[in-house]
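Q: model the following, please.
(2 chains)
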Amino acid sequence: DAGVTQSPTHLIKTRGQQVTLRCSPKSGHDTVSWYQQALGQGPQFIFQYYEEEERQRGNFPDRFSGHQFPNYSSELNVNALLLGDSALYLCASSPRWAGPTSYEQYFGPGTRLTVT
Amino acid sequence: GNSVTQMEGPVTLSEEAFLTINCTYTATGYPSLFWYVQYPGEGLQLLLKATKADDKGSNKGFEATYRKETTSFHLEKGSVQVSDSAVYFCALSAYNTDKLIFGTGTRLQVFP
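A: Below is the predicted model of the structure:
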């Protein structure tokens, strides 16, 4: 049973460019959340997708956008990259059917984005 | 708003020592509480959880008890191993949501 997978593993971009990160959820999971983890910090919630729609959003600007596909996989897009966007981007999946008190999020290994 | 505060690290221990990592939280209602572990170069792994007051989560020798009266969820282990060296994150999710709010993490270093 494959866990959460993310691609690419590492990415280097220049300020002002755009980037797309990809995530495939754990088998049987239909909800995908994205987190940003700056160096030495805890992860910060970006947004969550369920049924191909953004359901919750954290305190991130509109430069951060996403998408969920019918197979539950997801993309995170960041436009007009800033140096401060350098971070580890983590994808997490969970099963909506498990009920609210049973939510457990399974994390992928992350994509390390460096903006120069 | 909701938040999590963890003790700062690094925590440095000898093998077989007793471990405590403090975690307190601020939240409205009845959040669920979690401990996640991050090994070098890897993503986060759920270590244990508790979903209501007085629940004790446990896994791999680690334990934490949900204390509503002190708004705490301290992580403990009776005898640490070198392989426990990692960064530990305390987190909460508010009632009826799975959005996680994390603390800043505590690095544990265990020496033989």
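Q: show me the contacts for A:H29.
A: Contact partners of A:H29, counting by C-beta atoms under 8 Å, 6 or more residues apart in numbering or on different chains, are A:Y72, A:S93, A:S94, A:P95, A:Y106. Every residue, glycine included, has its C-beta placed from N, CA and C.
Q: what is the neighbour count of B:P112?
A: Residues near B:P112, counting by other C-beta atoms under 10 Å in any protein chain shown, number 7.
Q: distance of it from B:I21?
A: Between B:P112 and B:I21 the distance is 20 Å, computed by C-beta to C-beta, to the nearest Å.
Q: same deal with B:S14?
A: Taken as C-beta to C-beta, the span from B:S14 to B:I21 is 16 Å.
Q: looking at the two now, which is surrounded by more residues?
A: Using other C-beta under 10 Å, the more surrounded residue of B:S14 and B:I21 is B:I21, with 24 against 10.
Q: check contacts around the more buried one.
A: Going by C-beta under 8 Å, 6+ apart, the list of residues near B:I21 reads B:Q6, B:M7, B:V11, B:H74, B:L75, B:E76, B:Y88, B:C90, B:T106, B:L108.
Q: phi first, then psi, for it.
A: phi -120, psi 120 (degrees, to the nearest 10).
Q: nearest spatial neighbour of it, chain-adjacent residues omitted?
A: B:L75 (4.4 Å; C-beta to C-beta, 6 or more residues apart in numbering or on different chains).
Q: okay, and the beta partners of that neighbour?
A: Here B:L75 shows beta-bridge partners B:I21, B:A64, assigned using DSSP bridges.
Q: over to A:T31?
A: Bridge pairing for A:T31 - DSSP bridges - gives A:Y50, A:S94.
Q: quick one: mean pLDDT over stretch B:82-94.
A: Summarised as a single mean, pLDDT over stretch B:82-94 is 94.
Q: so where do the strands sit in chain B?
A: B:3-6, B:11-14, B:19-21, B:23-26, B:32-38, B:44-50, B:56-59, B:62-65, B:75-77, B:86-93, B:100-102, B:106-111 (DSSP state E).
Q: repeat that for chain A.
A: Under the criterion DSSP E, chain A contains strands at A:5-7, A:10-13, A:19-24, A:31-37, A:44-50, A:53-57, A:64-68, A:74-78, A:87-94, A:106-107, A:111-115.
Q: dump the ones you listed into TSV; add mean neighbour count as well.
A: Below are those laid out as TSV (neighbours: other C-beta atoms under 10 Å in any protein chain shown):
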stretch	mean neighbour count
strand A:5-7	15
strand A:10-13	13
strand A:19-24	19
strand A:31-37	25
strand A:44-50	21
strand A:53-57	13
strand A:64-68	18
strand A:74-78	21
strand A:87-94	24
strand A:106-107	21
strand A:111-115	18
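Q: so which residues on chain B come close to chain A?
A: B:4, B:32, B:36, B:42-46, B:49, B:51, B:89, B:91, B:93, B:95-105 (C-beta under 8 Å from any C-beta of the partner chain).
Q: list buried residues within those.
A: For the residues of chain B next to chain A, a neighbour count by 16 or more other C-beta atoms under 10 Å in any protein chain shown gives the buried set as B:4, B:32, B:36, B:43-44, B:46, B:49, B:51, B:89, B:91, B:93, B:98-105.
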